[in-house]
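A.B. asks: Sequence and predicted structure, then a few things I'm wondering about:
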Amino acid sequence: MPSTTDPTAVLARARRVLAHLEAQAAGFGALHVPAHLQIELEEKRREVAALEARLAAPDAGDPVAPLPTEAVDLTALRALVQRLDVIEIESLCLDHFPAVYDKFGRGLQRGEMVNLLLDHVRRRPEEAPRLAGLLSPAAPPPVRQNPGGGRGVVAENPFTPLTGRVTAPAWVFDRDRELRRVVEFLQAGSSVALIGPAAVGKSSLLTRLVAELPERLGVPWETAYLDLQPIYNEEEFFAALCDALGVAMCRGYPLHSALRERRIVLAVDEVDKMAWEGFSRSLRSELRGLAGDGAAPLKLLLAARQPLDVLFPDSEGDTSPLANICLQVDVGPWDEATARAFLTARLEATGVVFTEVEIARLVAASGGYPQRLVQAAYALFAQKAAL
């Protein structure tokens, strides 16, 4: 008597379980996944692979219905992934798509990484919503029925992204005070430096500023974003700068001339790299020339870990070209009230509740650093949602 079990349905269930296990593992980080969870993951991956192989090559006398496919908007996903730099793509795949990360070889180009990730989603369309959620967390978290009964409704984990900057402006929490000061300084004709320790949220704040400044400053102001993380020398800097500004590759007077009729707030992330070998004082002087007075085409919005005069001690007694034109806005960790408000906002309508003791522990352990709080809350949410 033939089996009444539909192998397609069995595979779909196995994939759902695997996706849940991978989400749990991601909450621990690649180096801290418990042994029992790692074993369970490997077993479920082997089960899924075996089911996929069976459905891909069924016996001639035992036809099997094709795997259900969902329409995947690869164009939209590609646009989201293209916002990430190499480091962010590697972190995303390491934490959430280890099968893709394992294919990354030494020297692999960013475009090849993007194609590998999108090919993975094309082959496994059930992964598309998870990828879109990680890259575009501004949308309300999708709701699913809790298969275990209990609370009835549980949302996808709202504590993302786990690494890198928040790329959706609406998902940047708080920072209204800092934003108002930046707008005030820019309107007064000054460039601005956002100064604060690593992982405190400077890059995410830049995301919000780049999106909101054109409306707040009004015509003719526009914005451009430049991340120095993948840039290693002045030639690469000016190539990336001209690309961000939409002009042909040039520097010096030709660049100033090309921008003469425009007014641009240029947001530059990871400015600390400009203190490395390969970047000179001349480069910073050129930037000053593009942003040094009221008639200049640029205003700079820089993000760095140290004050600019400390970061660029060009020579004793001299002031750094950039420090001389930038007013400083400090970006510090959240206070306890803001951290608690963040947790409350993300948990809203998810069906998951953190106890007062758990909230206090998360806030204390994070030290007010948004990224640490997100990572710890992600792990706790995954644990509770699985109950």
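C.D. replies: Sure thing, it's come through.

A.B. asks: Would you mind listing the buried residues in stretch 186-201?
C.D. replies: Neighbour counts using 16 or more other Cβ atoms under 10 Å place Leu186, Ser190, Ser191, Val192, Ala193, Leu194, Ile195, Gly196, Ala199, Val200, Gly201 of stretch 186-201 among the buried residues. In short, each C-beta sits where N, CA and C put it, glycine included.

A.B. asks: Could you measure from the third one over to Thr350?
C.D. replies: With the distance defined as Cβ to Cβ, to the nearest Å, Ser191 ends up 41 Å from Thr350.

A.B. asks: Mind checking which of the buried residues of stretch 186-201 are in helices?
C.D. replies: Helix and strand membership here follows DSSP state H; of the buried residues of stretch 186-201, those in helices are Leu186.

A.B. asks: can you count the residues close to the residue lying closest to Arg165 once chain neighbours are set aside?
C.D. replies: Spatial nearest neighbour of Arg165, chain neighbours left out: Ser203 (3.5 Å); criterion: Cβ to Cβ, 6 or more residues apart in numbering. Residues within reach of Ser203, counting by other Cβ atoms under 10 Å, total 25.

A.B. asks: What residues sit buried inside the strand or helix carrying Ser203?
C.D. replies: Secondary-structure assignment from DSSP states H and E places Ser203 in helix 202-217. Neighbour-count burial for helix 202-217, with 16+ other Cβ under 10 Å as criterion, is recorded at Lys202, Ser203, Ser204, Leu205, Leu206, Thr207, Arg208, Leu209, Val210, Glu212, Leu213, Leu217.

A.B. asks: need those residues in TSV with distance to Glu90 and pLDDT, can you?
C.D. replies: Conversion of the buried residues of helix 202-217 to TSV gives the following (distance: Cβ to Cβ, whole Å; pLDDT from 0 to 100):
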residue	distance to Glu90	pLDDT
Lys202	21	95
Ser203	16	93
Ser204	19	93
Leu205	23	95
Leu206	21	95
Thr207	20	91
Arg208	25	92
Leu209	26	95
Val210	23	92
Glu212	29	91
Leu213	30	93
Leu217	35	92
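
A.B. asks: Considering these, which is situated nearest to Ala382?
C.D. replies: Distances from those to Ala382 were compared by Cβ to Cβ; the smallest belongs to Ser204, at 22.0 Å.

A.B. asks: residues touching the closest residue to the closest one other than its chain neighbours, list them.
C.D. replies: Of all residues beyond its chain neighbours, the one nearest Ser204 is Val166 (4.0 Å), with distances taken as Cβ to Cβ, 6+ apart. With Cβ atoms under 8 Å, 6 or more residues apart in numbering as the criterion, the residues that contact Val166 are Pro137, Val172, Ser203, Ser204, Thr207.

A.B. asks: Pull the most distant pair out of those.
C.D. replies: For those, the maximum inter-member distance is 14.8 Å, found between Pro137 and Ser203 (Cβ to Cβ).

A.B. asks: now the strands: where do they sit in the stretch 1-150 of the chain?
C.D. replies: When assigned using DSSP state E, counting those that start in this stretch, the strands of the stretch 1-150 of the chain occupy the ranges 143-145.

A.B. asks: and Trp377, how far is that from Pro297?
C.D. replies: Rather than Trp, residue 377 is Ala. Using Cβ to Cβ, which is the criterion applied here, Ala377 is 42 Å from Pro297.

A.B. asks: low-confidence ranges in this structure?
C.D. replies: Counting by pLDDT under 70, the low-confidence segments of the chain come to 1-6, 17, 19-21, 23-40, 43, 57-72, 105-109, 136-155, 314-320.

A.B. asks: At which residues are the helices of the stretch 101-250 of the chain located?
C.D. replies: Counting by DSSP state H, counting those that start in this stretch, one finds helices in the stretch 101-250 of the chain at the ranges 110-123, 128-135, 176-187, 202-217, 234-245.

A.B. asks: who touches the first one?
C.D. replies: Residues lying outside helix 110-123 but in contact with it, judged by Cβ under 8 Å, 6+ apart, are 72, 74, 77-78, 81-82, 85-86, 89-90, 92-93, 97, 99-100, 103-104, 127-128, 131, 230.

A.B. asks: can you give me the angle it makes with helix 128-135?
C.D. replies: 140 degrees (axes from the mean of the first three to the mean of the last three Cα atoms, to 10 degrees).

A.B. asks: Skipping its backbone neighbours, what lies nearest Leu301 in space?
C.D. replies: Ranked by Cβ to Cβ, 6+ apart and with sequence neighbours excluded, the top spatial neighbour of Leu301 is Ala267, at 4.4 Å.

A.B. asks: Name the residues that touch the helix or strand hosting the one you found?
C.D. replies: Using DSSP H and E, Ala267 maps to strand 263-269. Residues from elsewhere that reach strand 263-269 (Cβ under 8 Å, 6+ apart): 165, 186, 202-203, 206, 209-210, 213, 217, 220-229, 241, 244-245, 291, 297-303.
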